[in-house]
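Colleague: Here is my input, please return the structure:
(chains A, B, C and D)
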There are 2 protein chains.
Amino acid sequence: MEIPQKDDILKKFPQFEQTLLDEILANSTIKLVEEGDEVMRTGQYIRSSVLLLNGLLKVYREDEEGNEFLMYYLEPGHACALSMMCTARDEQSQIMAKAVVPSEVILIPSHLSEQWLAKYKSWHNFVIASYRQRFEELLQTLDSVAFKGLDDRLLFYLKRHVQVSGKEVRLSHQHIADELNSSREVISRLLKKLEQTGAITLHRNYIEVHDLDLV
Amino acid sequence: MEIPQKDDILKKFPQFEQTLLDEILANSTIKLVEEGDEVMRTGQYIRSSVLLLNGLLKVYREDEEGNEFLMYYLEPGHACALSMMCTARDEQSQIMAKAVVPSEVILIPSHLSEQWLAKYKSWHNFVIASYRQRFEELLQTLDSVAFKGLDDRLLFYLKRHVQVSGKEVRLSHQHIADELNSSREVISRLLKKLEQTGAITLHRNYIEVHDLDLV
DNA sequence: TAACTTCTGTGATAATTGTCACTGTAGCAC
DNA sequence: GTGCTACAGTGACAATTATCACAGAAGTTA
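Modeller: Below is the predicted model:
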């Protein structure tokens, strides 16, 4: 079981040095999470950096009333930037990560990930790159909320979803509404409009995406 | 002129090691910027890390049509996290920083700030802390847009403004509307409502804040 | 097949926000 | 003072989004 994992990590994180890979194998745990499982939640103590080996995570925000709001998806080979900002967090703002499909995550104890920053150039670069990338994605999300109407945000959402999991978007209208912090009826209507333009075809429980750039 | 600057930097950035301070003094330029001056704009090449020595910067987002949207304020002793993510940026998303009052910024060439990450622990910590903090603030901003109505966002905006520059908010309604990406009339009406609760008093060109937590 | 649940479609209506048009007022230049 | 400009207040109306109510279709279980 060990060799396949090493190969897998190597494939997903080709930028890591050999010695770093060995340390990861020796010191981290690999956890299998089921679809829908919560992988992390800020406010709780984070004692590990979270890297994604296989599967797909969604990272989202939740306010006091339980409204959620999708920030971005995390794909294999990437890390949750927040889990690496390993000092104490302020409690009020909750970030959650949940598995969209069955996934494998690598958990690296915080003190090691901290040490490695100085020890391994490739780790250091990886961490910095993660920060940068998440920051960018967050900004894009912010843009779409700040400047765009719900119709454009829905488009943005669908595009992102197609990118990570293909042209068969297997989501209910309710689910989409939740992630955009809107309501089902509104999403239904907007999707209908999209269907009329020919960009998508609606089915029960999934949406067939043809071409979102036509719109 | 050199000694006062060193003292000043030392006071604003007490966490830096002595040798790092010397390097900063030797290699960075200090720039005076007038009120309203643009300090940075992404998309253009960023060749320096930007630290704020004195004054106040606002960091905001601008879309293609010129709509702006306030992200956060930057106070002395802090740095623009984005200016330290020194690799090439993607062009479309624009982040701007503008001086709110006459300010002094320290410009550190990117290649040095890169080197220092490995060389000085205190610099490394500073950069990581900056990322973290900006990330948090960005999340707060995102929350307010995603989950709150304009009335709450206005409150949030006023509070933040009071924090950085006191209870006399010297801004026109139009200015506030721009930073919240709304329109003057709407802001005027909401402010009137706030005045009726006794939280603020309106004047020409400034708002007197009494207590925003009453609302 | 019947009973039940989940998902989707749709009309009516309300609330929020944006836009337009117009007024008044304070300050400044001349 | 007269004019000019920037700022603020307000009513009317439009657009977007949310909410409520209900109906029907698809899938599941018994």
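
Colleague: buried stuff in the top helix by length along chain A?
Modeller: In chain A, with assignment by DSSP state H, the single longest helix is helix A:121-147. Within helix A:121-147, the residues that qualify as buried are A:122-124, A:126-132, A:134-147, counting by 16 or more other Cβ atoms under 10 Å in any protein chain shown. (Glycine included, C-beta is placed from N, CA and C.)

Colleague: How about stretch A:145-165?
Modeller: Buried, per 16+ other Cβ under 10 Å, within stretch A:145-165: A:145-147, A:150, A:153-158, A:160-161, A:165.

Colleague: same question, stretch A:30-44
Modeller: Neighbour-count burial for stretch A:30-44 [16+ other Cβ under 10 Å]: A:30, A:33, A:39-40, A:42.

Colleague: how about those residues in CSV, adding distance to residue A:104?
Modeller: Listed next are the buried residues of stretch A:30-44 as CSV, based on distance: Cβ to Cβ, whole Å:
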residue, distance to residue A:104
A:30, 6
A:33, 8
A:39, 11
A:40, 15
A:42, 22
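
Colleague: Secondary structure and pLDDT added to those residues, as CSV?
Modeller: Formatted as CSV, the buried residues of stretch A:30-44 follow (DSSP: H, G, I helix; E, B strand; the rest coil; pLDDT from 0 to 100):
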residue, secondary structure, pLDDT
A:30, strand, 93
A:33, strand, 94
A:39, strand, 90
A:40, strand, 86
A:42, strand, 73
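
Colleague: and which of those is nearest to chain B?
Modeller: The shortest approach to chain B among the buried residues of stretch A:30-44 belongs to residue A:42, at 9.5 Å (Cβ to the nearest Cβ).

Colleague: Excluding chain neighbours, give the residue nearest to the closest one in space.
Modeller: Distances taken as Cβ to Cβ, 6 or more residues apart in numbering or on different chains place residue A:95 nearest to residue A:42, at 4.5 Å, with adjacent residues excluded.

Colleague: now residue A:183
Modeller: residue A:177 (5.4 Å).

Colleague: Go through the host helix or strand of that neighbour and flag the buried ones.
Modeller: Here residue A:177, judged by DSSP states H and E, is contained in helix A:173-179. Buried residues in helix A:173-179, counting neighbours by 16+ other Cβ under 10 Å, are found at A:173, A:176-179.

Colleague: Can you name the two of the residues you listed that sit furthest apart?
Modeller: By the measure Cβ to Cβ, A:173 and A:179 form the most distant pair in those, at 11.1 Å.

Colleague: now stretch A:170-177, how far from the chain's geometric center?
Modeller: A distance of 17 Å separates the centroid of the chain from that of stretch A:170-177, by Cα atoms, centre = their mean, to the nearest Å.

Colleague: err, stretch A:106-115, not the other one
Modeller: For stretch A:106-115 - counting by Cα atoms, centre = their mean - the centre lies 20 Å from the chain centre.

Colleague: Can you measure across that stretch, start residue to end residue?
Modeller: 17 Å (Cα to Cα, to the nearest Å).

Colleague: I'd like to check what contacts it. Which residues are they?
Modeller: A:9, A:23-24, A:27-31, A:46-53, A:84, A:86, A:123, A:127 (Cβ atoms under 8 Å, 6 or more residues apart in numbering or on different chains).

Colleague: tell me the secondary structure for the nearest residue in space to residue A:202 that is not next to it in sequence?
Modeller: The shortest distance from residue A:202 to any non-neighbouring residue, by Cβ to Cβ, 6+ apart, is to residue A:195 (5.2 Å). Reduced to three states with DSSP: H, G, I helix; E, B strand; the rest coil, the structure at residue A:195 is helix.

Colleague: Around residue A:195, how many other residues sit close by?
Modeller: Neighbourhood size, residue A:195 [other Cβ atoms under 10 Å in any protein chain shown]: 15.
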